[in-house]
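Q: pasting the sequence and the predicted coordinates here, then a few questions.
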Amino acid sequence: MLRFVPIITIAFMIGPVSAGLIGTLLPAFGILPALGGTGPGLDPWVTLFEQPGLWHSVRLSLVNGLIASFVSVAIVVLFCAAWQGTRIFRVMQRILSPILSVPHAAAAFGLAFLIAPSGWIARLVAQFSGWDRPPDLAIIHDPLGLAMIAGLVAKEIPFLFLMTLAALPQADTERTARITATLGYGRIAGWFKATLPRIYPQIRLPVLAVLAYSTSVVDVAIILGPTTPAPLAVRILGWLSDPDLALRFMASSAAILQLIIVLMAMVIWMTGEKIIGVIGRHWAENGQRFKRDQGARHGSAVLAILATGAIILGLVILLIWSVAGFWGFPEILPRSFSLRLWQREYDAIGSSLGTTLLIAVPTVIIAVALVLGCLENEVRQAHKPGRGVMWLIYLPLLVPQISFMFGLQVFFTLIGLERTLISVVLAHLVFVLPYVFLSLSDPFRALDPRYGQTALCLGASPSGVFWKVRLPLLTRAILTAMAVGLAVTVGQYLPTLLIGAGRFATVTTEAVALASGGDRRMIGIYGLLQMVLPFAGFACALLIPAILFRHRRGMSAHNRG
Amino acid sequence: MRLRMRAFVSALALATGIATASLSMSAYADPAPDVGNWQSVLDQARGQTVYWHAWGGEPRINDYIAWAGNQVLERYGVKVIQVKLTDTADAVTKVLSEKTAGVNDGGAVDMIWINGENFAAMKRNDLLFGPWVEDTPNFDYVDVEGKPTVVNDFTVPTDGLEAPWGMAQVSFYYDTAKLDSVPKSAQTLLEWLVKHPGRFTYPQPPNYMGSTFLKQILTELVKDPKVLQQPADEVDAQAVLAPLWGYLEDLQPLLWRNGQAYPQNGAAMRTLLGDNEVDIAFSFSSGEVSSAIEAMELPDTVRSYVFDSGTLGNTNFVAIPYNASAKAGAVVLADFLMSPEAQLRKQDPQYWGADTVLAMDKLPKDMQDAFANLDLGIASLSPAERGTVLPEPHPSWMELVETEWQKHYGVVQ
């Protein structure tokens, strides 16, 4: 049976994505019988290409996605190179994990209120400059999309940083650093020349996932991005929700175009990788030591701290907003405070947290069970999945949600599964499985096989080894994977709304609905609520092993994953 | 281990089985209620659950909907669950995707809060159940004579496919602590902006509020507003729109951010006023402004006003999709929403502050008094202060204006 688990797992991810893509592809070429589209044709594409500013939107998506990804990767590797093994590195490690549980939209709202011309920083300046009204500057929604890039970078740094952390132990970095230092290389140069080439292949897929996300992002783009015109994904959403139903055809073509943009971004990125690889090889071999890298080291720390600081400060401000009375420009703090809205939302909060868990618990359990099955199968069959399989696992993260979610909705309706808990869980699994796989596979594979071999020699059955040796040893890694999975299901908006047909009012669907009312207090409340469950999950992942294994000092070492 | 795996897989199979079972459950057909026979509607409705898809961005409105739901549950045994949308069109999309998949019965959407373009689109594509509205008991109180928009949604005849729920009229608002006088026409708005550049904007079309602003200006500038009541393709549309583009030519560079960025919707525009980024904003209900003051989103010195020559007004409705699962329940709910009691609470700014669709002279005396005694809120306009209500242009004008605006100003060079 175990042999089939990998196939089932892949099917859970690929099935919905391909079904959804077909559901998008057909209307993109004019086939949507409910709206009278029966014959294939290119009309939707003709209409799409006639849209004013289409290429402008395409360029924004492509270029900004590439820039945001490049800057995030650059900051993360520079910071790792400069500070690995130091105290500031460990501090950062501790701060960044909880930041991962901040939803993109909440982070973007926080950032918006920090940097907007009427935002908190401007209010601080106003105390000295005497402004009584905000300057009329396009700091957010700027035509170039710089604010959007900043928001994406700040939010992607924690993810990439944690992915890099997971890869570090496999590259024997500490001894490498010692050798490069002995040979007289500066910290950064030593790391870039000897460690990065071994780390990068490990974080490559997560980096591509970040690239795919940044080129097709909707929520951050709405909150911070340009509007004249907006990036393509935002416009697609607009066309899909236009009362003129005929626009559905064009929107589907645009969703396919969005997929092409993501693929293009990846091709550009991978070409860039090749070029940097060739140049990097010459550079690595030229023997230059770059001993004086103090400036770059401090620069990288400043950037990393700025990014995390902005998110944390943004969240603090959201928290203040959630209890604020009237809070006008240029006041640094609200005139009054009140718990009115928290009280008013009290019941709704309870039920939406309940619904969120109703979806999250089965999703996370199924995901962890399937991933453990896959990994256990790997151990027993004694072979690692090839690169092709890894791509399959990442597929749901590489295909833009907007390109297949609407098609998937039609598919679920067709097979009569729509608006059942099962279909929502299935839709969530598509996104949860890759993340759970990512966070569990490394610790599982890194587990010393000699424990299992010893147990087998002592007469334990293979399943006995799994249940009594591997699982307990992996407690913390499993709990962390569950926390990651929980964070992912909690954040799902489109899948929950579309597949659940509004039957499942989760913290996130409520948050997004209320955010459309524009009251920052409500945005603050639900933004914070969105963080509660993931945060609790990560706290459990830390606390439970600490309590379970309080008498076993060795377990803390084995369970670092 | 192997056994456990087997158990797991059989659990999965079981789960799938449950799913298939629920398929047969959700696909049951709800027979169309016979609205002429009200008792039969009530009988059929009892025990049904109505999934009402309604914009969910305003906690007050959500609370009102929850109250109405409790009332019909107590009185008629109909359970109401609000599906909170960010955009009404999401519900339209939902019904459409069901029609695509051939789900002509047992659909997910039982009722939609709707009007204008969304209604026109659903009507055009045969996505609505009905006619049913004119047979409901409380429709007798509706002010069909005095408020013609209750049966003409953006000039499109409702044909009994949607029940009027509330009246809306464009009103502008500003902070009296910051401004002494305000422009009360398209022309004076432009002159005012020359003196105060950057202190006004409108939500980016095709957002509903943004398009409404453009229609307001168009209605004011067009030589003969009657032409807007006809579909745009029946007249020389470019000539009709010419004054609007001429006006925007001057207005655009004076807007907030020089017209390079826009607020996403009416709520975002209200936030801009609260942040003192702009001086004048507008909404579809002056009651909403009072609510925002109470919610401490705006300072309590904000007041509403209308343009001298009048502002656009319309009606919003509730409609039932053709494939709804609980049509009788939805009809009963819609009828309750039109009842004097529900309409009175709706007009009370303590709860919501939206105008009634009912005719005062058709109501019993005690209800007339109750309406007359309502305290409408500090930034709300009384019926006398509202001036002329201008009719909404035909929906085709909105579509045309949105497309043309996108061409002219949607892409900043």
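A: Good, I have the coordinates.
Q: residue A:47 and residue A:252 touch, don't they?
A: No. Judged on C-beta atoms under 8 Å, residue A:47 makes no contact with residue A:252 at a distance of 11.0 Å. In short, each C-beta sits where N, CA and C put it, glycine included.
Q: residue 327: how many residues sit nearby?
A: In the absence of a named chain, chain A is used. The local packing count at residue A:327 equals 21, with neighbours defined by other C-beta atoms under 10 Å in any protein chain shown.
Q: actually it's chain B I care about, not the one you picked
A: Other residues close to residue B:327 by other C-beta under 10 Å number 27.
Q: neighbour count: residue A:47 and residue A:252, which is higher?
A: Between residue A:47 and residue A:252, residue A:252 has the larger neighbour count (other C-beta under 10 Å), namely 29 against 15.
Q: the host helix or strand of that one packs against which elements?
A: Secondary structure from DSSP states H and E places residue A:252 in helix A:247-285. In terms of contacts (3 or more C-beta pairs under 8 Å, 6 or more residues apart in numbering or on different chains; DSSP states H and E), helix A:247-285 is packed against helix A:5-28, helix A:43-50, helix A:54-83, helix A:196-216, helix A:232-240, helix A:401-414.
Q: which of those helices sits most buried?
A: helix A:401-414 (a mean of 25; mean count of other C-beta atoms under 10 Å in any protein chain shown).
Q: if we go by neighbour counts, what in the helix or strand just after that one is buried?
A: Toward the C-terminal end, the helix or strand that comes next after helix A:401-414 (DSSP H and E) is helix A:421-446. Under the neighbour-count criterion of 16 or more other C-beta atoms under 10 Å in any protein chain shown, helix A:421-446 has A:421-444 buried.
Q: tell me the residue of the stretch 201-350 of chain B that sits nearest chain A?
A: Proximity of the stretch 201-350 of chain B to chain A (C-beta to the nearest C-beta) peaks at residue B:267, 2.7 Å away.
Q: wait, what's in contact with that residue?
A: When contacts are counted by C-beta atoms under 8 Å, 6 or more residues apart in numbering or on different chains, residue B:267 is found next to A:516, A:517, A:518, A:519, B:57.
Q: what's the most distant pair in those?
A: The two members of the contacts of residue B:267 with the most space between them (C-beta to C-beta) are A:516 and A:519, at 10.0 Å.
Q: to the chain's geometric centre, what's the distance from stretch B:135-155?
A: Computed by C-alpha atoms, centre = their mean, to the nearest Å, the separation of stretch B:135-155 from the middle of its chain amounts to 16 Å.
Q: before we move on, the earlier item: now the contacts of residue B:267 as TSV including neighbour count, distance to residue A:456 and pLDDT?
A: What follows is those, written out as TSV (neighbours: other C-beta atoms under 10 Å in any protein chain shown; distance: C-beta to C-beta, whole Å; pLDDT from 0 to 100):
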residue	neighbour count	distance to residue A:456	pLDDT
A:516	20	58	74
A:517	25	61	75
A:518	23	62	76
A:519	23	61	81
B:57	23	60	83
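Q: among those, name the ones in helices.
A: Residues from the contacts of residue B:267 lying in helices, with DSSP state H as the criterion: none.
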